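*Asks:* A predicted structure for the sequence below; I have some questions about it.
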Amino acid sequence: MVEPHSAQRKAIDRRVALAREWDDLVGRARSLGPEFAGFLDPPRLSELTPHVGTGTAVLINVTPERCDALLVSADGVQPVPLPDLSLREAGVRTTAHLARLARLDAAAARMVHTAHWARVRPAATNFTAHHRAKTELLQAQDDLDGHLSADLVWLWDVVTGPVLEHICPDSATGGRDTRVWWCPTGPLSFLPLHASGHHDGSGVSVLDRVTSSYTPTLRALALAAQPPREERHLRMLAVIVEDLAGQPPLPQAEAELELLRELFPDDQLTVLDGRAATRAAVLDALPHHRWVHFSCHGRQNLSNPSHGGLLLADGQLTVTELGRGRFDGEFAFLSACMTATGGVHLSEEVITLGAGLHYAGFRHVLATLWSIDADVAADLAHQIIKPLVTDGRLDPNRSAAVVNEAVLSLRAGFPTKPSRWAPITHTGP
């Protein structure tokens, strides 16, 4: 029998040996010539800051000892202490928020299930079960919206409000020319910083004061700020999976496809619909399309986020598979569930469907932090995609502003239901 301490010592020795071997190989690569001198070096701050332009990237560091925001602009880095933010409270609120989302999803699944049986077997017991499921869904929705409204106020008071006081202290309500990229860490990765605020008509909110985006890292923002390499593949790829066994139908998928057919001529639109929307077909098509629209179910694995993915006709296209590609894409719209949510155990690492497409080369990615209903998804597609398309060509550079306006429009219609408008995110320059 091997002694536990002996096995541990051997593992440590092995890791030390591998680290030395790694250092040796990197050193040899860097010695090949001047062009390799910085091989695998992290980028210098001076190489990253120009890509925020006149905006600000906000990196939020949450630790047990203290919490701070680092404001990165073209002028450099400014630290902003966040004394009222604590890792413990952020964790408690995030855990409760995820539990409420899980309860809502479970209630929605029960309602679909009971509706099916009420149609197939119209008996009193089935009608009663369906009525109970609808009541549970309404209660879960009200519970989520009530707590989410409070969480948005808390986020403003302890995080985004103090940050915006430094970025735009004199900003008036309604002026949204200022660009901000949020880069949260830890439990804040699951919460909608871009939607935080007092949504009571006072204008004291992020939505009313700046135009927000997210970035997984400063390096990702720098890469996304670079224009496409070639002026080709100016086509839209539509991946439509309306009905899938074991999943509720997506009635908005047909309306979204009709919108795309209206905006793009046949020679600029590729449709992978129903059984044609296979994993291999999607992966083969992505490199040949500058724009992509997914209207399908998404699934996120909070314990192992790289195993989350899009549910296609023949199975799940995972975050890992998407991340292996390298596309020269400009715009990806993920009209699916939980496409901007990462994992609870890897909350410091941004591993989401949206981030996977962004890392793989799509400069602008629109995704959601949690599931949204069919009406909202269809409305979003019209409000976001239609203003970006002229004569069959999509201009992604206005994506952030268009998304912000769409969220404001949804908020105006449902001010007390932030679950409908708060999850919508834009990632990119």
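*Replies:* Perfect, I can see it now. Small disclaimer: the values here were computed from a predicted structure and weren't measured.

*Asks:* ok so residue 194 is a strand residue?
*Replies:* No: under the criterion used here (DSSP: H, G, I helix; E, B strand; the rest coil), residue 194 is helix, not part of a strand.

*Asks:* in three-state terms, label the closest residue to it other than its chain neighbours for me.
*Replies:* Counting by Cβ to Cβ, 6 or more residues apart in numbering, residue 194 lies nearest to residue 212, which is 3.7 Å off, once chain neighbours are set aside. C-beta: built from backbone N, CA, C; applies to glycine. What three-state DSSP gives for residue 212 is strand.

*Asks:* residues near residue 212, how many?
*Replies:* 27 (other Cβ atoms under 10 Å).

*Asks:* list the residues that contact it.
*Replies:* Neighbouring residues of residue 212 by Cβ atoms under 8 Å, 6 or more residues apart in numbering: 180, 181, 182, 193, 194, 206, 400, 404, 426.

*Asks:* among those residues, which one has the most neighbours?
*Replies:* residue 194 leads the contacts of residue 212 on contacts (other Cβ under 10 Å) with 28 neighbours.

*Asks:* that residue contacts residue 208, doesn't it?
*Replies:* No: under the criterion of Cβ atoms under 8 Å, residue 194 makes no contact with residue 208, lying 11.5 Å away.

*Asks:* which pair in the contacts of residue 212 has the greatest spatial separation?
*Replies:* Greatest spatial distance among those (Cβ to Cβ): 193 and 400, at 14.3 Å.

*Asks:* okay, the residue nearest to residue 194: pLDDT?
*Replies:* Residue 212 is assigned 95 on the pLDDT scale.

*Asks:* beta partners of it?
*Replies:* With DSSP bridges as the criterion, residue 212 is bridged to residue 180.

*Asks:* okay, now residue 166: neighbour count?
*Replies:* Neighbours of residue 166 (other Cβ under 10 Å): 14.

*Asks:* what's the answer for residue 11, then?
*Replies:* 10.

*Asks:* and it, its phi and psi?
*Replies:* For residue 11, the backbone dihedrals (degrees, to the nearest 10) come out as phi -60, psi -40.

*Asks:* against residue 20, how distant is it?
*Replies:* 15 Å (Cβ to Cβ, to the nearest Å).

*Asks:* returning to that earlier point: turn the contacts of residue 212 into JSON lines, including distance to residue 94 and pLDDT.
*Replies:* Listed next are the contacts of residue 212 as JSON lines, based on distance: Cβ to Cβ, whole Å; pLDDT from 0 to 100:
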{"residue": "180", "distance to residue 94": "21", "pLDDT": "95"}
{"residue": "181", "distance to residue 94": "21", "pLDDT": "95"}
{"residue": "182", "distance to residue 94": "15", "pLDDT": "96"}
{"residue": "193", "distance to residue 94": "12", "pLDDT": "96"}
{"residue": "194", "distance to residue 94": "16", "pLDDT": "96"}
{"residue": "206", "distance to residue 94": "18", "pLDDT": "96"}
{"residue": "400", "distance to residue 94": "25", "pLDDT": "94"}
{"residue": "404", "distance to residue 94": "24", "pLDDT": "94"}
{"residue": "426", "distance to residue 94": "21", "pLDDT": "94"}
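
*Asks:* SS state for residue 12?
*Replies:* Applying three-state DSSP: residue 12 is helix.

*Asks:* can you give me the strands in the stretch 251-400 of the chain?
*Replies:* 269-273, 291-295, 297-299, 309-312, 315-318, 329-335, 362-368, 389-390, 393-394 (DSSP state E, counting those that start in this stretch).

*Asks:* of all these, which lies closest to residue 111?
*Replies:* Using Cβ to Cβ, these put strand 297-299 closest to residue 111, at 16.2 Å.

*Asks:* what strands line up against that closest one, and which way round?
*Replies:* In the sheet, strand 297-299 lines up with strand 309-312 (antiparallel) (DSSP bridges).

*Asks:* tell me, how many residues neighbour residue 360?
*Replies:* 20.

*Asks:* any weak-confidence spans in the stretch 1-150 of the chain?
*Replies:* Within the stretch 1-150 of the chain, the segments meeting pLDDT under 70 span 1-8, 43, 45-47.

*Asks:* what are the ranges of the strands in it?
*Replies:* 56-62, 67-73, 76-81.

*Asks:* to residue 323, which of these lies closest?
*Replies:* Per Cβ to Cβ, nearest to residue 323 of the strands of the stretch 1-150 of the chain: strand 56-62, 21.9 Å.

*Asks:* run through who's touching the closest one.
*Replies:* 67-73, 82, 85, 87, 90, 159, 163, 167, 178-188, 193, 215, 218, 221.

*Asks:* please redo it, this time with the cut-off set to 7 Å
*Replies:* Residues outside strand 56-62 that contact it (Cβ atoms under 7 Å, 6 or more residues apart in numbering): 67-73, 85, 87, 90, 159, 163, 167, 180-186, 188, 215, 218, 221.

*Asks:* rewinding a little: deepest-packed of the strands of the stretch 1-150 of the chain, please.
*Replies:* With neighbours defined as mean count of other Cβ atoms under 10 Å, the strands of the stretch 1-150 of the chain peak in mean count at strand 56-62, which reaches a mean of 22.
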